[in-house]
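Enquirer: Below are the sequence and a predicted model for it; my questions follow.
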Protein chains: 2
Amino acid sequence: MSIRIGIMGYGNLGRGIEIAAKEASDMEIAAVFTRRDPSSVKILTEGVPVVSVDEAEKWKDRIDVMVLCGGSATDLPVMTPKYAEMFNVIDSFDTHARIPEHFANVDAAAKKAGKIAVISCGWDPGMFSLARVYSNAILPDGKDYTFWGKGISQGHSDAIRRIEGVQDAKQYTIPVESALEAVRSGSQPELTTRQKHLRECFVVLKDGADAAKVEKEIKEMPNYFSDYDTTVHFISEEELKKNHAGMAHGGFVFRSGKTGANKEHSHIIEYSLKLDSNPEFTTSVIIAYARAAYRMHQEGQTGCKTVLDIAPAYLSEMSGEELRAHLL
Amino acid sequence: MSIRIGIMGYGNLGRGIEIAAKEASDMEIAAVFTRRDPSSVKILTEGVPVVSVDEAEKWKDRIDVMVLCGGSATDLPVMTPKYAEMFNVIDSFDTHARIPEHFANVDAAAKKAGKIAVISCGWDPGMFSLARVYSNAILPDGKDYTFWGKGISQGHSDAIRRIEGVQDAKQYTIPVESALEAVRSGSQPELTTRQKHLRECFVVLKDGADAAKVEKEIKEMPNYFSDYDTTVHFISEEELKKNHAGMAHGGFVFRSGKTGANKEHSHIIEYSLKLDSNPEFTTSVIIAYARAAYRMHQEGQTGCKTVLDIAPAYLSEMSGEELRAHLL
């Protein structure tokens, strides 16, 4: 029997879930849930119903795992505990500082309902967290380095758009190549914020806006830009749409550690991602963990889990025997 | 209470286990077991008894996890099932083709005794297996690439040493840089054996040996060298000892995959290791999984496990709360 996936929310993430679930031979999409008028939502898969979120509870026995495609700021803190009372759920909650609180809320709801809830699933938090935890456990005497990019930062792009005179903007976070090389050398450098990432901005001005003033305002913006080497390019709206509409992203997680009776040996563990589509990669991770959620629930487990609590074999379509024979 | 570690065998791996266990604040070394005369074995840690393997059974209640530091060819197939009847055990069995058989034997013994046994722990199999399984589960439509090196291959060095006229030799396996770059590009190249790795040999000849003949014999050796671009350097014994005694190693695991309704997006996952000391890194992995074995046994789990069956949180000294707050 297939794992019946529900998709709650149909934006970039929802569409990615739809594509990734179709790729999995052990899954089927049961329904897509939307806050919009269902008749206005056109999905890729024929025959899958689009349903109002208000109807979700009626689907309790027809969905094995509900994938919650909401934002971390306001949607998921409410949605995940709410739907964990009805379904096994999975989300991509990514506000690192609020994970402990979110975990507690979701854990209580899921345990009460006898469901599994997987939170904070994607690449950071998610695959990058795994890289950090494995490498810290293996090399307890060492230093962590995480770099993001090259990719568009939504938060920084939004910050530029709020400046007077700016019509639209995209901001790329770019790891500094010499910093990556310094980390790879095993020297365990102390790197300042400025030494780790560059920020490159592509800005469309409103008619009559003062370019010099906008550029100064960007470069001096505290927290977002003032601690970085920032480049600002003014371009046309057409150019922005044509060249900067992609959703590529990626990054690097390093652990640089020492072993030996006298700490004489250096080791570098490097994990990196180069992604053409940030949302499609995120949803590919979510779909693998949706499989795990289903299996853990089948085994009678309940409560909130993160990628740290889930054995890798649960993610694969292959059996334990196949994994040991082919991938171990 | 500390996790009491037993070390069975005291060569490079045993010494590495000793160093790594001392680094862990939640572990103590209970005893080192040897097939040699115990009085002849000098270990790094004061106060830890060195005991004959014949006495091992008497330590059943004084050791939480026994680390088996034997070879995969003949030692571990016998040792691991044998000691799984007395202890929670962990080994670094690395003959990929024989893992299913080893797993079955160890699983039966461990289940019967109510113990946990972790097999095939290290970096390949081990961390590289994890990289393969995670990335295959996330990107089901894709291609795997594993590269080893730069590092000494024991098997290839041994093969050279068996040639007439050779006194000693070391062989480095080296990934081909252009192949790494081709994989990183996302083009999913088909790579032949020759295109993936180079073999570089440092050979000390016996007096009067024929260098040209030895070089020809190396380069034409089937399986080991004939499918590779091989370089042979003849050097003095002194130079071999001085410059080629290190135990550095490493490698790269890639998954190059596609997503999208029309497979229009490429993603590259890269995991790499650069290790000054192959045995010390291997034992650092083993010690983290020894912690997991102890915890799983405390929970009442039994039987044979591999890295694929063990959730990452079990490896860390940190609690679930600490991990979620700091590393997720």
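Expert: Perfect, I can see it now. Please read all numbers here as calculations on a predicted model, not as lab measurements.

Enquirer: how about the strands in the stretch 201-328 of chain A?
Expert: A:229-234, A:249-259, A:265-275, A:303-305 (DSSP state E, counting those that start in this stretch).

Enquirer: could those go into JSON lines alongside distance to B:Glu190, mean neighbour count and mean pLDDT?
Expert: All C-beta spots, glycine's among them, are computed from the backbone N, C-alpha and C. JSON lines is the format used below for these (distance: least, CB to CB, whole Å; neighbours: other CB atoms under 10 Å in any protein chain shown; pLDDT from 0 to 100):
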{"stretch": "strand A:229-234", "distance to B:Glu190": "39", "mean neighbour count": "16", "mean pLDDT": "98"}
{"stretch": "strand A:249-259", "distance to B:Glu190": "25", "mean neighbour count": "23", "mean pLDDT": "98"}
{"stretch": "strand A:265-275", "distance to B:Glu190": "20", "mean neighbour count": "23", "mean pLDDT": "98"}
{"stretch": "strand A:303-305", "distance to B:Glu190": "39", "mean neighbour count": "25", "mean pLDDT": "98"}
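
Enquirer: could I get those strands as a markdown table with distance to B:Phe202?
Expert: Shown next, in a markdown table, are the strands of the stretch 201-328 of chain A (distance: least, CB to CB, whole Å):
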| stretch | distance to B:Phe202 |
| --- | --- |
| strand A:229-234 | 45 |
| strand A:249-259 | 26 |
| strand A:265-275 | 21 |
| strand A:303-305 | 50 |
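
Enquirer: Tell me which of those strands approaches B:Gly300 most closely.
Expert: strand A:303-305 (18.0 Å; CB to CB).

Enquirer: Tell me which residues touch A:Ala325, please.
Expert: B:Ile99, B:Pro100 (CB atoms under 8 Å, 6 or more residues apart in numbering or on different chains).

Enquirer: do A:Tyr145 as well
Expert: A:Val183, A:Leu191, A:Lys196, A:Phe252, A:Val253, A:Phe254, A:Arg255, A:Ser256 are the contacts of A:Tyr145 under CB under 8 Å, 6+ apart.

Enquirer: so how far is A:Lys196 from it?
Expert: Distance, A:Tyr145 to A:Lys196, by CB to CB, to the nearest Å: 8 Å.

Enquirer: One more: A:Ile119?
Expert: 28 Å.

Enquirer: Please identify which of these two sits among more neighbours.
Expert: Higher neighbour count among A:Ile119 and A:Lys196: A:Ile119, with 29 against 19, using other CB atoms under 10 Å in any protein chain shown.

Enquirer: Is it correct that the more buried one is in contact with A:Val106?
Expert: Yes: under the criterion of CB atoms under 8 Å, A:Ile119 makes contact with A:Val106 at 5.7 Å.

Enquirer: quick one: common contacting residues for those two?
Expert: A:Thr80, A:Cys304.

Enquirer: Tell me the strands beside the helix or strand hosting A:Ile7, with direction?
Expert: Assigned by DSSP states H and E, A:Ile7 belongs to strand A:3-8. Partners of strand A:3-8 in the sheet, by DSSP bridges, are strand A:27-34 (parallel), strand A:65-68 (parallel).

Enquirer: after the last one comes which helix or strand?
Expert: Spelled out, it's strand A:65-68. helix A:76-84.
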